[in-house]
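Asker: This is a predicted model, with the sequence first.
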Amino acid sequence: MIDVDGVICRYGGGSDDDTGVVAVDDVTLSIPDGEFLIVAGANGSGKTTLVRTFNGLVDPVAGTVSVNGTPVSDDLVAARTAVGMVFQDPRDQLVAATVGADVAFGPENLGLSHAAIDRRVDDALDAVNMAGREDDRTASLSGGERERVAIAGALAMEPDHLVLDEPFTGLDEPARRAVLDRLRELRATGTSVIVVTHDLRDVLELADRVVGLSAGRVAVDDAPQTAAAELPGLDVRVPSERFDDRPADAPDAPSDS
């Protein structure tokens, strides 16, 4: 469970005053274990800042964030183990010279056995269609490949809650489908998945709930079918064909990108 209670985040100004630009404005939100949540909004709406409070990458100036019952500020290590984060720009996340070493970095810091680390690396790379590329140099990867390695690194931590910030940017169709398949598996096995996006075409059918932000505040918090009707007003792109209007056995609608 991730609990956000009255969180306010500002950029600029002092930590003990009311100056600076408000990025998140008095947000209260609970994310149950196993929920697939979309956090949607236009650029600058506060969605990235909000999710970065989940593991202490951003400190609120007011309010509290707790992960699995423990305030993030009390135990950053526990929060960052429980909440896996995939950044919007994967260059901010890659830390090693090769693909395999990068994906292994997090599990190694958990003190796991070599066999457990190897198993996690193999599973994570397979999930993003990069199996067998452990020796590739991260500096030589394309933007889409770097994104896939960043996702694999988060998956290898096997977190309770996985946060992905605009995860499909730069991915080709096979990679996007592979990531979506893995997100379906994680959802089915009880991992909370939080996808931050301004474009819901890939993920709306997977969601249990959609939270829409505008100017740092929660403007929408509803089931996907209901939220989809309100989100275009927040400059969020929804599928042109609503998934709930199709027969249950219909194939996925093709992307119109």
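Answerer: In hand now; what should we look at?

Asker: quick one: contacts for the nearest residue to Arg184 once chain neighbours are set aside?
Answerer: Distances taken as CB to CB, 6 or more residues apart in numbering place Leu206 nearest to Arg184, at 6.5 Å, with adjacent residues excluded. (Each C-beta comes from the backbone N, C-alpha and C, glycine too.) Going by CB atoms under 8 Å, 6 or more residues apart in numbering, Leu206 touches 36, 180, 183-184, 187, 193.

Asker: Which of those are buried? Put it as a ChimeraX command.
Answerer: What follows is the ChimeraX syntax for the buried subset of these, where burial is set by 16 or more other CB atoms under 10 Å:
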select :36,180,183,187,193
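
Asker: Tell me where the stretch 151-257 of the chain has strands.
Answerer: Counting by DSSP state E, counting those that start in this stretch, the segments of the stretch 151-257 of the chain that form strands are 161-165, 192-197, 209-214, 217-222.

Asker: List the contacts of the last one.
Answerer: The contact list for strand 217-222 (CB under 8 Å, 6+ apart) reads 25-29, 40, 46, 209-213, 227, 230-231, 234.

Asker: Repeat that for the third one.
Answerer: Among residues not part of strand 209-214, those counted as contacts by CB under 8 Å, 6+ apart are 27, 29, 35-42, 45-47, 50, 200, 204, 218-224, 227-228, 230-231, 234, 236.

Asker: The closest residue to Arg133 other than its chain neighbours - how many residues pack around it?
Answerer: With sequence-adjacent residues excluded and distances taken as CB to CB, 6+ apart, Arg133 is closest to Val99, at 5.2 Å. When neighbours are defined as other CB atoms under 10 Å, Val99 has 27 of them.

Asker: and Val99, what does it touch?
Answerer: Contact analysis of Val99 by CB under 8 Å, 6+ apart lists 125, 130, 133-138, 141, 149.

Asker: Let's see that with 7 Å instead.
Answerer: Under the criterion of CB atoms under 7 Å, 6 or more residues apart in numbering, the neighbours of Val99 are 130, 133-134, 136, 138, 149.

Asker: By neighbours, which of those residues wins?
Answerer: Ranked by the number of neighbours (other CB under 10 Å), those place Val149 first, at 26 neighbours.

Asker: which element is it on?
Answerer: Taking DSSP states H and E as the criterion, Val149 maps to helix 143-156.

Asker: And stretch 56-64, what's buried?
Answerer: Of the residues in stretch 56-64, those with enough neighbours to count as buried (16+ other CB under 10 Å) are 56-58, 60-61, 63.

Asker: centre of the chain versus that stretch, how much separation?
Answerer: Taking CA atoms, centre = their mean, to the nearest Å, one finds the center of stretch 56-64 at 18 Å from the center of the full chain.

Asker: and if you look at stretch 165-184?
Answerer: Between the mean C-alpha location of stretch 165-184 and the chain-wide mean there is a distance of 12 Å, by CA atoms, centre = their mean.

Asker: Show me what counts as buried in that stretch.
Answerer: Judged by neighbour count (16+ other CB under 10 Å), stretch 165-184 contains these buried residues: 165-168, 170-171, 175-176, 178-180, 182-183.

Asker: Over to stretch 82-94?
Answerer: Residues of stretch 82-94 classed as buried: 82-88, 90, 93-94 (neighbour count, 16+ other CB under 10 Å).
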